[in-house]
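Peer 1: after the sequence you'll find the predicted model.
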Amino acid sequence: MAKRNRETLKKRFGEGEMPSSSDFGDLIESVLNIHDDGIAHNERDGLRLTQVGGNHRVLSLYGAVEERGAAWGFGLDQHRASLTLEVARHGHANQGPAEDDDDDGGGHAVLTLLAPTEEERNARVGINSRHPRCELDVDGIVAAAGRMGADGARAAPADAEWHTIAGPFRGCTALEVMAGAGRPNTGKYALMHAFALRTFVAKGEFTYHQAHYDARRHRMELRWLDSKEVPGDYCLQIRVNCAYGGETWIRYQLTSLWFDPQMTQCAVAPAQEGP
């Protein structure tokens, strides 16, 4: 793109002037060209930006024309179907691209969006991570006003009977369970926070934190139940120790804590980082 500003070009092509071939070259260079510059605008796409020369960076934002490096940038990796929002390392836009990052435009990855692929059917988002391993991968500290697991999809009446709330599982399982039961003005209320662990056909363990109103029989409990149809399968069940009466239900949320049920990843040496 030409370095001359519009006022200079206007003077060179003003009345009585004799523009040179260099002036015409600067004029042509000052006009955007979709093939050379990768920029276009149409009704379907709106503003269309295309990578130029196979470079990772699609859009760069500078605080001033004289700055050597971009303050912010957007990078596109067509092979991984990822879009990355990058910021200048250590907050210094003038330091130029980092030598140890040839594939990322020299910036620190603040936000990375990975599209679903044939191997990974779910999209992934990385915060401070260029290569997110999960649906949401955060390399940093998370502050939140609250946290909850996935709402239970299976009905669990507070009728003192056992009800399946998760499974079937096979192998090694670790779950976090948050549950509550009660009805207004009944005097029967209970809260339970528990960790449920099991390894294959072993008995399994539960760790409880509980609070209840009035009698201890208002509390809830969990158990692992082995499948009679498929040996080796098991499910998680919940109940209250006494019927609450009426249309009272146990509300619960579940969070999975372990994602290698057959322990296959434990047979692979972890990648070594650093010296």
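Peer 2: Received, thanks.

Peer 1: residues near E205, how many?
Peer 2: Burial of E205 is recorded as 11 neighbouring residues (other CB atoms under 10 Å). Yep, even glycine has a C-beta here, placed from its N, CA and C like the rest.

Peer 1: which residues touch E17?
Peer 2: K11 (CB atoms under 8 Å, 6 or more residues apart in numbering).

Peer 1: same question for R44.
Peer 2: Taking CB under 8 Å, 6+ apart, we find R44 in contact with no residue.

Peer 1: from T117, how far out is the residue sitting nearest the centre point of the chain?
Peer 2: Centroid-nearest residue in the chain, with CA atoms, centre = their mean: L136, separated by 1.9 Å. When CB to CB, to the nearest Å is the yardstick, L136 and T117 sit 17 Å from each other.

Peer 1: any idea of the pLDDT on the residue nearest to V201 when sequence neighbours are not counted?
Peer 2: For V201, ignoring the flanking residues on the chain, the nearest one in space by CB to CB, 6 or more residues apart in numbering is G232 at 6.5 Å. The predicted local confidence for G232 comes out at a pLDDT of 93.

Peer 1: same question, G274
Peer 2: 57.

Peer 1: secondary structure of T207: a helix, I assume?
Peer 2: No: under DSSP: H, G, I helix; E, B strand; the rest coil, T207 sits outside any helix and is assigned strand.

Peer 1: is it true that it touches V177?
Peer 2: No: no contact is recorded between T207 and V177 when judged using CB atoms under 8 Å, the distance being 10.3 Å.

Peer 1: pLDDT weak spots in this protein?
Peer 2: 1-4, 27-34, 36-37, 53-54, 89-107, 273-275 (pLDDT under 70).

Peer 1: tell me the domain boundaries of it?
Peer 2: Following the assignment in automatic domain parsing, the chain carries domains at 51-142, 150-256.

Peer 1: now distance to H35 too, for those domains, in JSON lines please.
Peer 2: Supplementary listing: the domains of the chain in JSON lines, determined by distance: least, CB to CB, whole Å:
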{"stretch": "domain 51-142", "distance to H35": "10"}
{"stretch": "domain 150-256", "distance to H35": "49"}
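
Peer 1: indicate which one of the ones you listed is closest to G25.
Peer 2: When these are ranked by proximity to G25, the top entry is domain 51-142, at 19.3 Å, counting by CB to CB.

Peer 1: and that closest one, how far out from the chain middle?
Peer 2: Its chain's C-alpha centre and that of domain 51-142 lie 15 Å apart, by CA atoms, centre = their mean, to the nearest Å.

Peer 1: ends of it, what's the gap?
Peer 2: Using CA to CA, to the nearest Å, one end of domain 51-142 lies 34 Å from the other.

Peer 1: again, but for stretch 78-87
Peer 2: Using CA to CA, the end-to-end distance of stretch 78-87 comes to 20 Å.

Peer 1: list the buried residues of it.
Peer 2: Of the residues in stretch 78-87, those buried under the neighbour-count criterion (16 or more other CB atoms under 10 Å) are S82, T84, L85, E86, V87.

Peer 1: who wins for proximity to T264 among the domains of the chain?
Peer 2: T264 lies closest, by CB to CB, to one member of the domains of the chain: domain 150-256, at 9.7 Å.

Peer 1: mind checking how far that closest one is from the chain centre?
Peer 2: On the basis of CA atoms, centre = their mean, domain 150-256 sits 29 Å off its chain's mean C-alpha point.

Peer 1: circling back to that earlier point, do I have it right that the residue nearest to the centre of the chain meets N122?
Peer 2: No: the pair L136 and N122 fails to qualify as a contact (CB under 8 Å) at a distance of 10.3 Å.
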